Each structure stands twice: as structure tokens, then as C-alpha cells.
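[1] based on what follows, work out the 3D shape:
(chains A, B, C and D)
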2 protein chains.
Amino acid sequence: MPKKVDHQARRTLIADALMRVAAEQGLEAVSLRHVAAAAGVSAGMVQHYFRTKDEMMAFALAVVRDRNQVRVTEAIGRLGDDPPARLLLRTMIAALLPLDEQSRADGRVALAFLAYTAVRPAAAGELRDDTAQMVGFLAGLLPGPDRAADAAGLLALMEGLGVYLLGGQYTAEQALAALDAQLDLLFAG
Amino acid sequence: MPKKVDHQARRTLIADALMRVAAEQGLEAVSLRHVAAAAGVSAGMVQHYFRTKDEMMAFALAVVRDRNQVRVTEAIGRLGDDPPARLLLRTMIAALLPLDEQSRADGRVALAFLAYTAVRPAAAGELRDDTAQMVGFLAGLLPGPDRAADAAGLLALMEGLGVYLLGGQYTAEQALAALDAQLDLLFAG
DNA sequence: TCCTTTGCAATGCAACTGCATTGCAAAGGA
DNA sequence: TCCTTTGCAATGCAGTTGCATTGCAAAGGA
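    Next comes the predicted model:
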């Protein structure tokens, strides 16, 4: 077995380049040659690691999901043991909002993929799972009689805040104020 | 002055075709020839009415905004005079959710434009105005001490519900349940 | 040592892109 | 009647796209 190369590493290297291109110029600017140039490799190498463009896109989508997963996990980890429910909720949701430049870039890519999957339902399955899982988790932390609907609403609020943050409609302060107001409402009883 | 033709009508005809293409295959499938074919006209004619593709995109974006504006106005119009605030809010927001097939198609286009403008900040100005106007209007209808933040949150919730409806994460029933639960919270006091 | 497997670069190709250009028919005004 | 303006179709062009193909160097196992 010749020339051992870390396949996974190469693929993530390329996917990172893809995300840089997509964050700056949108998914429609993502082409084999463009991504290759951004990654500083040859177009042939991209083809070597992804047989088709769709395969590359799917991999990049998985990376986006992964990053969000990591963000949430780390944010929770930074809290001590047994944090109060409200703080835990705020931390998780804030971790998913595009508040700094890095998460804004990721958010732009995620938004592009949302539009992308809205037209290719085949690729949307995993996003659906993520959402359902989050709703379930949030519901477990909420008080009140209407946990399921409240949790679905809270997650939708997060998504909307993210969209408006990316679009420049809301500032970070506005978004966080809206989040806190929402938590005030949910924990009022 | 020869051959009188309704310019505006031709342009909306073409923009409608563009939206059909974008709703089915995404904005990246929108090309002069593709749109022309969908409109049943020649590519030359599209060029005649839109000097550049960007001009055509801008026009289509304006059509999307317009349709939403009309939806809200009509929904409000269907209510009698002086409807209670909560009903008015629910009606307005529900009118903006992609609940039937037509508004789903429009929603897919709108979502594509959100991603599009997130990368081309120049084209996002009007969207920003729309949002600000909506927040102001919603705030005027809400009770409670935190109207601005509550209104921003409510609008974000609407946007997020829209995104999840398009992505198949939420059913229409779930989305409406979340909306009603939110209104329950806001009008609890 | 040979030889197979792998990693990668280069090239080619047909299809497509946005846009400029050209040509022409029809509709009026002069 | 002529002639200018307009609406539109057709063609051409340079650039880009995804992908297939080809060639070759390096790395090990036999």
C-alpha cells in the first residue's frame, strides 16, 4: 500500500476552502477550480478526493453541521455542572447565533445551504434530524404546559435571529435583547 | 412612436418565469436562456427588457417584496375594522408563512434571495427597511414593557418558522402551534 | 528488483454562461 | 410615401463549468 495520505484531512482542507469561497461569494461561486485555488491545490486533486461536485457539497454540508454541533457542545461544556435551565438555554442558543466574524462566515454558508436544500429535498434529511433533536432537548428544559410548541418557537426564533443578523437587519445587541426578552416570557410563570 | 408594448407587463412576465425557475431549481439555475425558455420567449427578448442579469435579479427581488406586501395588506383587509391586536398579529404573521403551495414557492425564492443578499450587501437595503417597518408596526400592537424586543423576537420567530416550513422541519400545524403559543406568552399578562 | 497501487497534475471537451452585435419587421409620424 | 423608432430574434464570442482521460512519480509489497 503506497503513499499513505490522510484522506479525511485532505477532504476537510478542501471543504474549508469551499466554505471560505461560499462565505465570501455565495454557493453559486463554488466551482471545482475556484475551490481548488482557494485551497491552494490543483483542480485535479479536488477531483481526486471528491468524485463529483455533489459529493463535495454533501461533505461540506456535513462539516457545517459538525461545527454547529461542536459550538453547542463547547458552550455547554464551559458551563459548570447543573447550570440553571434558563442559563443553559441562553448559552446554547447564543452559541448558534452568528455573533462574531467567524460564526458569521459559517452562518452565511449555512444560510446558503438552507436555500440549497430547500430545492434539493434529498439532501435535507440530516438537517431535519438536527432540528428535531434540538427541539426535543429544548422542550426538556422549558417550564410551562406547552413545552413542545414553546421549544419549536424558541428554535425558530433563534433561526430567524440568525437570518436577520446575517442580513444586517438586527444588530448583535438587538438579537440578544430579543432572546432575553423571549426567555423572560418563557420563565415568567 | 411605433409598436406600443406594455413594458411593465413584459418585465413582470419575465420575472414570474424567473421565480418559477428559482422556486424549482434554485437561484443558481437562473440564467438568461433558462428564464427565457420558462417564459416561452426568446433569450433576445429577455435581454431587451433587462440590460443585465443583475438588473433582472433586482427586479425579481422587488417582485418578491411586493408579493409579501400584498399578502399582508390583503390579509389585514379581510379582517373587519378594529380587529383585536392579537388577531391582527396572528393574521399578519400567518400571511407571511409559506403554508400553501404558492407561498411555498415564493418562500423558496425569498430564501434564495436572503442567501443571495447576505453575500451582496448592496442589494439588501430594501429588505432592511421592510424588516424595520414591520418591527415598528408589531411593536405598536404588543402589550408589555418590552415591546421593541418582543416585536423583534416575534418577527424573527416568523422568519424561522418560514425557514423550517420550507426545509420540511416543521409541519404547518407545528408552525401555527408555535405561533399561537408565542402569542399566548405575549398576551398572558 | 520489479510491479502494482495510489496520489496527483495536466489537458481536453462539450455544454453552458452573460453579453455585444447584427439584422429585420412592424408601426406610426412627417 | 418615406423614414425613424422600436420590438425582438439570431448569432457570435470569450470565459467558465463539471467531468473524463491520460500520464507519471512515488511508495511500498512480492
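[2] residues in chain A within reach of DNA strand D, list them.
    Counting by Cβ under 7 Å from any atom of the strand, chain A comes close to DNA strand D at A:1-4, A:29-34, A:43-44, A:47, A:51-54. Quick note: C-beta positions are derived from backbone N, CA and C, even for glycine.
[3] buried members of those into ChimeraX, please.
    Restricted to buried positions by 16 or more other Cβ atoms under 10 Å in any protein chain shown, the ChimeraX selection for these reads:
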select /A:30,32,34
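[4] which ones among the residues of chain A next to DNA strand D map onto helices?
    Using DSSP state H, the members of these that fall in helices are A:32-34, A:43-44, A:47, A:53-54.
[5] what is the burial count for the nearest residue to residue A:132 once chain neighbours are set aside?
    What sits nearest to residue A:132 in space, not counting adjacent residues and going by Cβ to Cβ, 6 or more residues apart in numbering or on different chains, is residue B:169, at 7.2 Å. Counted with other Cβ atoms under 10 Å in any protein chain shown, residues neighbouring residue B:169 total 25.
[6] pretty sure residue B:169 sits against residue A:125.
    No. The pair residue B:169 / residue A:125 is not scored as a contact, 10.6 Å apart, by Cβ atoms under 8 Å.
[7] would you confirm that residue A:118 contacts residue B:169?
    No. Applying Cβ under 8 Å, one finds residue A:118 not in contact with residue B:169, separated by 10.8 Å.
[8] can you pull the contacts of residue A:62?
    Residue A:62 makes contact with residue A:126 under the criterion Cβ atoms under 8 Å, 6 or more residues apart in numbering or on different chains.
[9] and the gap between it and DNA strand D?
    17 Å (Cβ to the nearest atom of the strand, to the nearest Å).
[10] okay, stretch A:5-21 in PDB with CA atoms only?
    C-alpha atoms of stretch A:5-21 as PDB (Å, rounded to 0.1, in the frame of the first residue of the first chain):
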ATOM      1  CA  VAL A   5      -2.100  10.200   3.000                       C
ATOM      2  CA  ASP A   6      -4.700  11.300   5.500                       C
ATOM      3  CA  HIS A   7      -7.800  11.200   3.300                       C
ATOM      4  CA  GLN A   8     -10.000  12.800   5.900                       C
ATOM      5  CA  ALA A   9      -7.600  15.700   6.400                       C
ATOM      6  CA  ARG A  10      -7.400  16.400   2.700                       C
ATOM      7  CA  ARG A  11     -11.200  16.400   2.400                       C
ATOM      8  CA  THR A  12     -11.600  18.800   5.300                       C
ATOM      9  CA  LEU A  13      -8.900  21.000   3.900                       C
ATOM     10  CA  ILE A  14     -10.900  21.200   0.700                       C
ATOM     11  CA  ALA A  15     -14.200  21.600   2.400                       C
ATOM     12  CA  ASP A  16     -12.700  24.500   4.400                       C
ATOM     13  CA  ALA A  17     -11.700  26.200   1.200                       C
ATOM     14  CA  LEU A  18     -15.200  25.600  -0.100                       C
ATOM     15  CA  MET A  19     -16.600  27.300   2.900                       C
ATOM     16  CA  ARG A  20     -14.400  30.300   2.500                       C
ATOM     17  CA  VAL A  21     -15.500  30.700  -1.100                       C
END
